[in-house]
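**Student:** Here's my sequence, what's the structure:
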Amino acid sequence: MAIKPFLVFLFCCLSASVNAQSWDFITWHKFSASGELIKDLKLSVEQQVRLNENSTGLDETFTEVGLGYVLPKGFDISAAYRLAWDQNDDRSLSATHRYNTDLSYSKKIWKFGAKLRARFQYRPSDAYFNERLKPDDSPVFFRFKLGFYYRKLKKWTPGIEFETFVRMEDPNNLGAKKFRYRVFLDYDLPKRQELGLFYMIQTDNFGKTPEFASIIGLNYSYEWKRPKKKKKKKDK
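**Tutor:** Got it, this is the predicted structure:
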């Protein structure tokens, strides 16, 4: 079965992550729900918790709400708002706000699928609601993500993704500042539910020496169906 080589590859990545970076075991946990409000208009809600310090300390938690609209020929557009709580060095929490707009394109090619996403991401400065921004963080990014996945494994969907963050706010420090490389495996559950497991390497290039982090994530998602309108009975 074609899924076995992918599982072996994913297991090797996870083992290498634990061995190479045993000083910190970073995990992300996500719950999301989505569905149509009206035809082609979709609502999504996501809750995520990100842990560091060998998954014993809270790094960040956030709630994100978004609206998406399906466009012709594989395109769709969406916008989202995120309220996040980041942990400070003294263990206190600070609120941050973020807005993003996405334009996505997806295409099915034989047994494979591909998806390209362009995102404009904006986080207001301290004067605009955020209590704290990290020292070298930028309020404005363009993000580009490209992913490929295999569609013909019944309930299993393996895939890979690459994403880059391009800094736009600081004229003296423009360019790609963060990269993400991700392998994932999703499993379809009954009643429009899905479980996902991924391993990701992230590099940050804000300073002279790039910082590397390996992250393991577990996702659960649910999609509801838009209620069908009841047909009116004709009077006899």
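
**Student:** Quick check: G196 is in a strand.
**Tutor:** Yes. Under DSSP: H, G, I helix; E, B strand; the rest coil, G196 falls within a strand.

**Student:** What's the local residue count around it?
**Tutor:** Using other CB atoms under 10 Å, G196 has 17 other residues around it. In this view, the C-beta of every residue, glycine as well, is placed from N, C-alpha and C.

**Student:** contacting residues around it?
**Tutor:** F184, L185, D186, Y187, G217, L218, N219, Y220, S221 (CB atoms under 8 Å, 6 or more residues apart in numbering).

**Student:** Now do stretch 117-124: everything it contacts.
**Tutor:** Outside stretch 117-124, the residues within contact range by CB under 8 Å, 6+ apart are 96-105, 130, 133, 137, 139-146.

**Student:** All the helices of this structure, residue numbers only.
**Tutor:** Under the criterion DSSP state H, the chain carries helices at the ranges 3-20.

**Student:** what's the span of stretch 50-61 from first residue to last?
**Tutor:** End-to-end distance for stretch 50-61: 6 Å, by CA to CA, to the nearest Å.

**Student:** how distant is that stretch from the center of its chain?
**Tutor:** Relative to its parent chain, stretch 50-61 has a centroid offset of 17 Å by CA atoms, centre = their mean, to the nearest Å.

**Student:** what residues does that stretch touch?
**Tutor:** The contact list for stretch 50-61 (CB under 8 Å, 6+ apart) reads 24-29, 47-49, 84-87.

**Student:** Let's see the pLDDT reported for the residue sitting nearest the centre point of the chain.
**Tutor:** Geometric centre of the chain, nearest residue: K30, 9.0 Å, by CA atoms, centre = their mean. According to the prediction, K30 has pLDDT 97.

**Student:** what residues are up against it?
**Tutor:** Each residue near K30 by CB under 8 Å, 6+ apart is listed here: E46, Q47, Q48, G217, L218, N219, Y220, S221.

**Student:** Any of the contacts of stretch 117-124 buried? List them.
**Tutor:** T96, H97, R98, N100, D102, S104, N130, L133, P139, F141, R143, K145 (16 or more other CB atoms under 10 Å).

**Student:** How far off centre is stretch 158-172?
**Tutor:** A distance of 13 Å separates the C-alpha centroid of stretch 158-172 from that of its chain, computed with CA atoms, centre = their mean.
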